[in-house]
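# would you be able to build a 3D model of this:
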Amino acid sequence: MVLATTAPAGLRSAAWTRSVQRRIALTDAFVVAMTMVIAHGLRFGWDLFIPLAGPAAPAYIWATVGISALWVLQLGWTRSRDIRVIGSGPEEYQRVLSAGLRTFGIVAVAGFFGGWALSRGYLLFALPVGTLVLFGYRRIWRAWLHAQRRSGRCRHSVVIAGPRRTVDQMVRRLASDYDHAYQVAGVCLSGGDKGRALAEDLPDVRVLGSVAEAATAAQQVGAEYIVLAGNEDVSLSEARRLEWAVEDTGIGLIVAPTVADVAAPRVLVSQVAGLPLMHVEPPHFSGPSRALKYAADKIGAAAILLVLGLPMLVIALAVKLGSPGPVLYRQQRVGLGHEPFEMLKFRSMYVDADARRAEALAQDDGNGVLAKRHDDPRITPVGRIMRRYSLDELPQLINVLRGDMSLVGPRPPLPAETALWDEDVFRRQLVRPGITGLWQVSGRSDLSWEESVRLDLHYTHNWTLGLDVIILLRTAWAVVAGKGAY
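Residues are numbered from 1 along each chain as shown. This next block holds a predicted model:
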């Protein structure tokens, strides 16, 4: 995560940045306008000049225009198109949601003080539908941006400055994820000549000099930012001089602390004696917010079961006719506090699958502890279809009603897997496992074991109800795409 970014006057902004922001702004305006027009048409027909109820009330058409303009402005004021949040993480979606809530909060207050009775059906249609459509369009833009970044386009060139070990870890993490906006142009290492010698094994990255030379080196390679990584060899005065050195160069300075995988809501930056101090709130594993999550899980699971009850009966019949054996597969998994529970799934494998588990372990697809294979011979034809679209997991809604699982959470592990864990991985079980989670919407079985663990731990320590909503929306997209499921 980034602690602070300074953007000096004249900071260079790549042409692609302005182009992307302009296109997204046009999309936002189109979606908002269409949503409000459709809401007006469905509620009032196409009579544009039906008046609002109340003294000196304008026609609804002016309310539609005014709300649309306010909503578009709020999308800008919440900085939902900030290039630093577009394309990665949940912050972009949270800002889009915040813009919608603020818009309709302002409308409600204005209507109250103006004595105007706005139609509740009109507003209750526009807010959720418009926000969901905005999410969908933003997801399409994100997919396009990711494709561009995998091709080496739409990236900011950066120089990473810091100690060799920290720089090495940052370069490797950035190289393993193509969805972010940063392309490493080189590194500057602390420790002088000794630091340079130790850095010879860094993959495909040039060592440009020492940390003191970072500003000059960044100018030479055309970098847009310098990332100053946690550096015990740089004094406060030296770091300040580096900030001064980039003032008139158009190069931004990003300070990356050594604390990783901490979400922004848990971070507060305060200034004490001229020092920017980062306060990291501890994660909360109990309390009112967790009670709210527990209640939301129960209500959500019950509602989904009511909607999907008939389709689940059809799936159950397909499983029964597809191969001999029971409809449901019951398996011991490890839940909250390392307590075992019986997880339910539609049976997607032949009845002798557990006896043939060693076969899968001997030929996994490189994801280690997870032991997954694209061509697992134990999966039935019906099971292969169910797994592609995660239909086999629907009975886990019953586990949610029982209190064993959550709608969103870490992947529920097998007892045999926990025997291979180290102490850090055990922290996944501080929360209830989920039907879906960051691991599922970020690649599912295509992820390495290390990346799956990192995502689960990130969720465990940074959970919010808003993050759950975003993960559920992204899950729908991942299920439809069928990517990474086998």
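# need the mean per-residue confidence for stretch 186-199.
For stretch 186-199, mean pLDDT is 64.
# for stretch 137-144, same thing?
89.
# right, and the helix or strand after the helix or strand bottoming out on mean pLDDT in the chain?
Sorting the helices and strands of the chain by mean pLDDT, DSSP states H and E puts strand 4-6 at the bottom, at a mean of 44. The C-terminal neighbour of strand 4-6 among helices and strands, as given by DSSP states H and E, is helix 15-44.
# does anything pack onto that following helix? Which helices or strands?
Helix 15-44 sits against helix 60-77, helix 120-150, with contacts defined as 3 or more Cβ pairs under 8 Å, 6 or more residues apart in numbering; DSSP states H and E. C-betas here are computed from N, CA, C, even on glycine.
# quick check: buried residues in it?
16-17, 20-21, 24, 27-28, 31-33, 35-37, 39-40, 43-44 (16 or more other Cβ atoms under 10 Å).
# same question for stretch 65-81.
Judged by neighbour count using 16+ other Cβ under 10 Å, the buried positions of stretch 65-81 are 65, 67-68, 70-72, 74-75, 78, 80-81.
# is it possible to export the residues you listed to JSON lines including pLDDT?
Supplementary listing: the buried residues of stretch 65-81 in JSON lines, determined by pLDDT from 0 to 100:
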{"residue": "Val65", "pLDDT": "84"}
{"residue": "Ile67", "pLDDT": "86"}
{"residue": "Ser68", "pLDDT": "89"}
{"residue": "Leu70", "pLDDT": "91"}
{"residue": "Trp71", "pLDDT": "92"}
{"residue": "Val72", "pLDDT": "93"}
{"residue": "Gln74", "pLDDT": "92"}
{"residue": "Leu75", "pLDDT": "93"}
{"residue": "Thr78", "pLDDT": "91"}
{"residue": "Ser80", "pLDDT": "91"}
{"residue": "Arg81", "pLDDT": "91"}
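# what's the spacing between Ala181 and Ala29?
Taking Cβ to Cβ, to the nearest Å as the measure, Ala181 falls 24 Å from Ala29.
# just Gly152 next, same as before
Counting by Cβ to Cβ, the gap from Gly152 to Ala29 is 30 Å.
# what do you get for Thr464?
Summarising the geometry, the distance separating Thr464 from Ala29, computed by Cβ to Cβ, is 29 Å.
# one more: His180?
27 Å.
# repeat that for Asp392.
Shown here: Asp392 relative to Ala29, a distance of 42 Å by Cβ to Cβ.
# so which residues of the stretch 151-300 of the chain form helices?
Using DSSP state H, counting those that start in this stretch, the helices assigned to the stretch 151-300 of the chain run over residues 164-176, 192-198, 214-221, 236-245, 288-322.
# tell me which of those is the most buried.
Per residue and on average, the most neighbours among those fall to helix 214-221, with a mean of 20 (mean count of other Cβ atoms under 10 Å).
# packing partners of it?
Helices and strands touching helix 214-221, as assessed by 3+ Cβ pairs under 8 Å, 6+ apart, comprise strand 156-162, strand 182-189, strand 207-210, strand 225-229, helix 236-245.
# nearest residue to Glu338 other than its sequence neighbours?
If you look again at residue 338, you'll see it is His, not Glu. The shortest distance from His338 to any residue that is not its chain neighbour, by Cβ to Cβ, 6 or more residues apart in numbering, is 5.1 Å, and that residue is Gln429.
# for that neighbour, what are its contacts?
Taking Cβ atoms under 8 Å, 6 or more residues apart in numbering as the criterion, Gln429 is in contact with 334-338, 410.
# run a quick neighbour tally on Trp421.
The local packing count at Trp421 equals 16, with neighbours defined by other Cβ atoms under 10 Å.
# Three-state assignment for it, please.
Assigned state for Trp421: coil (three-state reduction, DSSP: H, G, I helix; E, B strand; the rest coil).
# just the pLDDT at it, thanks.
At Trp421, the model reports a pLDDT of 80.
# same question, Ile299
The predicted local distance difference test score for Ile299 is 94.
# Arg43 too?
Note on Arg43: pLDDT of 69.
# which strand residues bridge the nearest residue to Ala229 once chain neighbours are set aside?
For Ala229, ignoring the flanking residues on the chain, the nearest one in space by Cβ to Cβ, 6+ apart is Gly162 at 3.2 Å. Beta bridges link Gly162 to Leu189, judged by DSSP bridges.
# counting neighbours, what do you get for Gly162?
By other Cβ under 10 Å, 27 other residues sit near Gly162.
# surely it and Val211 touch.
Yes: at 6.9 Å, Gly162 and Val211 qualify as touching, with contact defined as Cβ atoms under 8 Å.
# low-confidence ranges in the chain?
Along the chain, segments meeting pLDDT under 70 span 1-14, 43-60, 111-121, 191-204, 230-234, 265, 274-275, 358-375, 443-447, 481-486.
# so what are the domain limits for it?
The chain breaks down by automatic domain parsing into domains covering 14-150, 156-280, 288-481.
# ok, Arg165 to His458 distance?
Spatial separation of Arg165 from His458 under the definition Cβ to Cβ is 22 Å.
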